[in-house]
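**Student:** no sequence for this one, just the structure:
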């Protein structure tokens, strides 16, 4: 067919949701256009492949554009992907679990406060595996236990457990305990007249060449719904939240102005989706600051003060009339934590000093979309953590002049150091192999700007770790 004899055809492709990526590929396997949610393109008559991608899943559809077509509308079906929450049109959908998750979210199992709710649902998605009640507990930031999965609903046959508790608005630890690989926790904030929902699936982990099945904390999904709404497995907003979570973890730019405008007009907006969308926008080369301001204002009106919203305000800097004076509670998302840490390099007083922030910084999990902390019951916070930043500068200068052999010997005793202290040791080791010539007097502050900015801990926490590292080196 000689396509030059034909006029272009207006092709409009509509995905099943606003966050699915669309690609149009011609018969020569050349990608001719791409979009998110909706794609409009003019093409010549011919055979084309349309690819729909959501999360880590995709499917292809072959379409024929005829010479007699003036325009053509294509509607894609939902892409089936692995979802932590039991939502419809996914690979891991289970009707019974979905219905029970909806029902359980409206039943209060324990009352430890008023004003907000924290709902936890954990399920097994492998039909060949038995379901054993997981050891998940909810604690205050001070570590006081409030509830565990034993207080909720268990159904071994349908392979799920659920817990819904009434709490005061605030931030709580949700801890997954495992005797095999250790105890890990995330930080979940609740807001007045909102229910915060946390979903887990059971996954296989290996430790000392033996496998164990426990809730996968790094793949946990966090949602929010208004009082009385509960969990809605068929909600398009819930589906968008799950897809946005996956997109953020894979650094995919799937947030469009069309999607945001639609969400902002939706009175049932999930604030968590607004937070995730903000971080997707922030990772762009040129963030849309006006759009971020709109999102922040909307989130503030919906849920008030929230540590992850505060992080976005901090990222806006002087582009907003809002200001965060101090952060005293950890956020839910690792990217929020990174924003706070980066800002603390310029303003150390931004992060409130205290044992919790110090513990998080010392035992932060290396990766994950959520801020994951490994709980260490043996971790001690004592007078050594009261060192000033100025004092730590002098200590770091002294450590930098250590003999290479001393540093190498310390790496043979890694078990005595926290992850943060080990990161500082690596910085010291790397500095031995790179000599920088300068007329300025060496100091921790100058050195930190070039060597420790990648360490995800506030300035005071790094200062504390420097002092602790020096004491351990001295004792060993």
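**Tutor:** Here it is on my side, so go on. If you're wondering where the values come from, they're calculated on a predicted model, not measured in any experiment.
**Student:** for residue 269, grab the count of nearby residues.
**Tutor:** 19 (other C-beta atoms under 10 Å). For the C-beta atoms, the positions are set from N, CA and C on the backbone; glycine is no exception.
**Student:** my bad, should have said residue 334
**Tutor:** 22.
**Student:** give the contact list for the nearest residue to it once chain neighbours are set aside.
**Tutor:** Among residues not flanking residue 334 along the chain, residue 371 sits closest, at 4.9 Å (C-beta to C-beta, 6 or more residues apart in numbering). By C-beta atoms under 8 Å, 6 or more residues apart in numbering, residue 371 lies in contact with 186-187, 330-334, 336-337, 360, 364.
**Student:** over to residue 240. Which of the three states is it?
**Tutor:** The local conformation at residue 240, judged by DSSP: H, G, I helix; E, B strand; the rest coil, is helix.
**Student:** so how far is residue 129 from it?
**Tutor:** Distance from residue 240 to residue 129, counting by C-beta to C-beta, to the nearest Å: 29 Å.
**Student:** which of the two has more neighbours?
**Tutor:** residue 240 (24 against 12).
**Student:** the more buried one against residue 20, yeah?
**Tutor:** No: in this structure, residue 240 is not within contact of residue 20 by C-beta atoms under 8 Å, at 9.7 Å.
**Student:** for residue 270, phi and psi?
**Tutor:** Phi and psi for residue 270, reported as degrees, to the nearest 10, are phi -80, psi 110.
**Student:** how confident was the prediction at residue 424?
**Tutor:** pLDDT, residue 424: 81.
**Student:** pretty sure it belongs to a helix, no?
**Tutor:** Yes: under three-state DSSP, residue 424 falls within a helix.
**Student:** from residue 472, how far out is it?
**Tutor:** Distance from residue 424 to residue 472, by C-beta to C-beta: 11 Å.
**Student:** more crowded one of the two?
**Tutor:** residue 424 (23 against 17).
**Student:** name the nearest residue to residue 279, ignoring sequence neighbours.
**Tutor:** Closest to residue 279 by C-beta to C-beta, 6+ apart is residue 335, at 4.6 Å.
**Student:** and residue 178, what does it touch?
**Tutor:** 135, 184, 205, 212, 214.
**Student:** for the chain, longest helix please?
**Tutor:** helix 459-475 (DSSP state H).
**Student:** give me the distance from that one to the chain's centre.
**Tutor:** The chain centre lies 29 Å from the centre of helix 459-475; the measure is C-alpha atoms, centre = their mean, to the nearest Å.
**Student:** who are the packing partners of the longest strand seen in the chain?
**Tutor:** The single longest strand within the chain, with elements called by DSSP state E, is strand 194-207. Applying 3 or more C-beta pairs under 8 Å, 6 or more residues apart in numbering; DSSP states H and E, we find strand 194-207 packed against strand 116-123, strand 183-190, strand 210-215, strand 221-226.
**Student:** give me the buried stretch members for the third one, please.
**Tutor:** What it means is strand 210-215. Within strand 210-215, the residues that count as buried by 16 or more other C-beta atoms under 10 Å are 213-215.
**Student:** need those residues in JSON lines (columns: distance to residue 141 and pLDDT).
**Tutor:** Shown next, in JSON lines, are the buried residues of strand 210-215 (distance: C-beta to C-beta, whole Å; pLDDT from 0 to 100):
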{"residue": "213", "distance to residue 141": "29", "pLDDT": "91"}
{"residue": "214", "distance to residue 141": "23", "pLDDT": "91"}
{"residue": "215", "distance to residue 141": "21", "pLDDT": "93"}
